[in-house]
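> what follows is a predicted protein model with its sequence.
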Amino acid sequence: MVENPYLDAILTAIAAIIFIIISCFAVGWLARYIAKLTGASRKEQENTFAGYLFASPWIVGFLIFVIVPLGFSLYWSFTDYRVISSEPANWVGLENYAQLIINDDGFRASIINTLFLTAIGLPLQMGVALLLAVLLNQKLQGVRVFRMAFYLPVILGFNTAVLLSWRLMLNTGTGIINQIIRSVTQAVPPIGYVVRGGIFFQELTSAFFLGLSSGSFNLMTRVWEAGFPAANRVPLWVESPMWTKMSVILLMIWGAGAMMLIFLAGLKNIPKELHEAAEVDGASSWKRFWKVTFPLLTPYIFYNLIVGLIAALQIFEPIYVLYRDNQPLVPSAQSMVYYLWQASFSHFEIGYGSAISWIILIIILIITSIQFRVQDRWVTYELY
């Protein structure tokens, strides 16, 4: 019998619709039965049934696509399950976690790389977002065009086409970014000294973190002995292990539009009377920003900090597209989530990859809980 893929697709769609309808009514009836057991009136039972009937598509989807996979992932993290193996998964207990924490140098390197991206990239991203928000808060002609332009990277996102375009722009020899750097430094020589100083500092810092990952600081010693870069030096964005993480940070800064929008909303929410009173008292624009604007923006800073931390600790797409086919550079750039992808979908070690995912979850929970605990020391909520 000849298989018809179109018929299979139609039957699958019909089966999915029937399953959704049955599951929705099942959730509604279950909620109504529980309400009946708790002594609810007939009207309350009907309202409960209607409410859960309409909410059940999300509830069922959450159970099937979130809770059930979480359960399987937790179980597999204690096994040696491999997709390509015909043998059943064996229970290994905490062996995967012990291997990751004690013996896996690659995972420790991915943690250091991720912390580098978070500790350096996130403050830069938030700083640029705040600067753009302050500029866009001014009454200027065409400000809506600039708002759209700065938010456009968020709409484009880290899809493959955009990241491949960035890869071309970051090319050392022909990329437009280095072409602009060369043109500016030749036209204005003092800027060239600033660029060379930035290159030296960046390479020295990256070499230090690479030394933490590998246990050897020979690269850092060579950078220090080489001294100040030559006049024609440009960043080696996608060609040197000392620049891979900075390339990812550059992409993080490029996508700061979402944070900018949050900061802009916070600036619009600050009462103008406070600035006017400070101006009457003789405060300069700089003092008005630090004494009035910045303290009242701390709730928005805290929100962007939490969201940015979670995103930075889970960064994957730029590393995957920029360096996946350049294996010599992968160890210097791989994040925890990239290492998770490598273990699970490249080596097919699902048990080991599940253990990595749960360790990442624990790290995110710890860092986030610390931020929530210390927020009372610097976040101001009085006017909100």
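Happy to help now that I have it. Just so it is clear, the model here is predicted, and its values are computed rather than measured.
> neighbouring contacts of stretch 145-160?
For stretch 145-160, the external contacting residues (Cβ atoms under 8 Å, 6 or more residues apart in numbering) are 132, 135-136, 162, 251, 254-258, 260-261, 264, 317-318, 321. All C-beta atoms are positioned from the backbone trio N, CA, C, and that covers glycine.
> so what's the gap between the helix or strand harbouring Arg147 and the chain middle?
Per DSSP states H and E: Arg147 is located in helix 143-156. The chain centre lies 20 Å from the centre of helix 143-156; the measure is Cα atoms, centre = their mean, to the nearest Å.
> and the closest residue to Thr298 other than its chain neighbours, what is it in contact with?
Spatial nearest neighbour of Thr298, chain neighbours left out: Val379 (4.5 Å); criterion: Cβ to Cβ, 6 or more residues apart in numbering. Neighbouring residues of Val379 by Cβ under 8 Å, 6+ apart: 298-299, 301-302.
> name the member of these with the most neighbours.
Within the contacts of Val379, most neighbours by other Cβ atoms under 10 Å means Ile301, with 20 neighbours.
> other SSEs contacting the helix or strand containing it?
Using DSSP H and E, Ile301 maps to helix 294-313. Secondary-structure packing of helix 294-313 (3 or more Cβ pairs under 8 Å, 6 or more residues apart in numbering; DSSP states H and E): helix 122-136, helix 257-269, helix 350-374.
> now whichever helix or strand comes after it: how far from the chain's centre is it?
Next in sequence after helix 294-313, counting helices and strands by DSSP H and E, comes helix 317-323. Centroid displacement of helix 317-323 relative to its chain, using Cα atoms, centre = their mean, is 13 Å.
> quick one: contacts of helix 317-323?
For helix 317-323, the surrounding residues in contact (Cβ under 8 Å, 6+ apart) are 158-160, 163-164, 166-167, 170, 238, 244, 247-248, 251, 329-330, 333-335, 338, 341.
> do the same with stretch 66-80
By Cβ under 8 Å, 6+ apart, stretch 66-80 touches 89-97, 350-352, 354-355, 357-358.
> what's in contact with stretch 348-357?
In contact with stretch 348-357 (Cβ under 8 Å, 6+ apart) are residues 73-74, 76-84, 89, 92, 96-97, 99-100, 107, 336, 339-341, 343-345.
> tell me how far the residue nearest to Thr298 lies from Lys245.
To Lys245, Val379 is 29 Å away according to Cβ to Cβ, to the nearest Å.
> one step back: just the contacts of stretch 66-80 now: which is nearest Ile14?
Checking the contacts of stretch 66-80 against Ile14 with Cβ to Cβ, the nearest one is Ile350 at 31.6 Å.
> secondary structure class for the residue lying closest to the closest one once chain neighbours are set aside?
Taking Cβ to Cβ, 6+ apart, and ignoring the residues beside it in sequence, Ile350 has Tyr81 as its nearest neighbour in space, at 4.7 Å. Secondary structure, DSSP: H, G, I helix; E, B strand; the rest coil: Tyr81 is coil.
> next one: the one 3 residues further on
Look at Ile84: counting by three-state DSSP, its state is coil.
> how many other residues sit next to it?
8.
> how about the residue nearest to it when sequence neighbours are not counted, phi and psi?
Nearest non-adjacent residue to Ile84, counting by Cβ to Cβ, 6+ apart: Phe348, 4.9 Å away. The phi and psi torsions at Phe348 (degrees, to the nearest 10) take the values phi 60, psi 30.
> and stretch 234-252, C-alpha only, in CSV?
Output of stretch 234-252 as CSV, limited to C-alpha atoms (Å, rounded to 0.1, in the frame of the first residue of the first chain):
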residue,chain,number,x,y,z
VAL,A,234,42.4,45.8,14.4
PRO,A,235,40.3,43.4,16.4
LEU,A,236,40.4,39.8,15.3
TRP,A,237,36.7,39.3,16.0
VAL,A,238,36.2,35.8,14.5
GLU,A,239,39.8,34.6,14.1
SER,A,240,41.4,34.7,17.5
PRO,A,241,40.3,32.9,20.7
MET,A,242,41.0,36.2,22.6
TRP,A,243,38.2,37.9,20.6
THR,A,244,35.5,35.3,20.4
LYS,A,245,33.7,36.3,23.6
MET,A,246,33.9,40.0,22.8
SER,A,247,32.2,39.3,19.5
VAL,A,248,29.3,37.7,21.3
ILE,A,249,29.3,40.7,23.7
LEU,A,250,29.1,43.0,20.7
LEU,A,251,26.0,41.2,19.6
MET,A,252,24.5,41.4,23.1
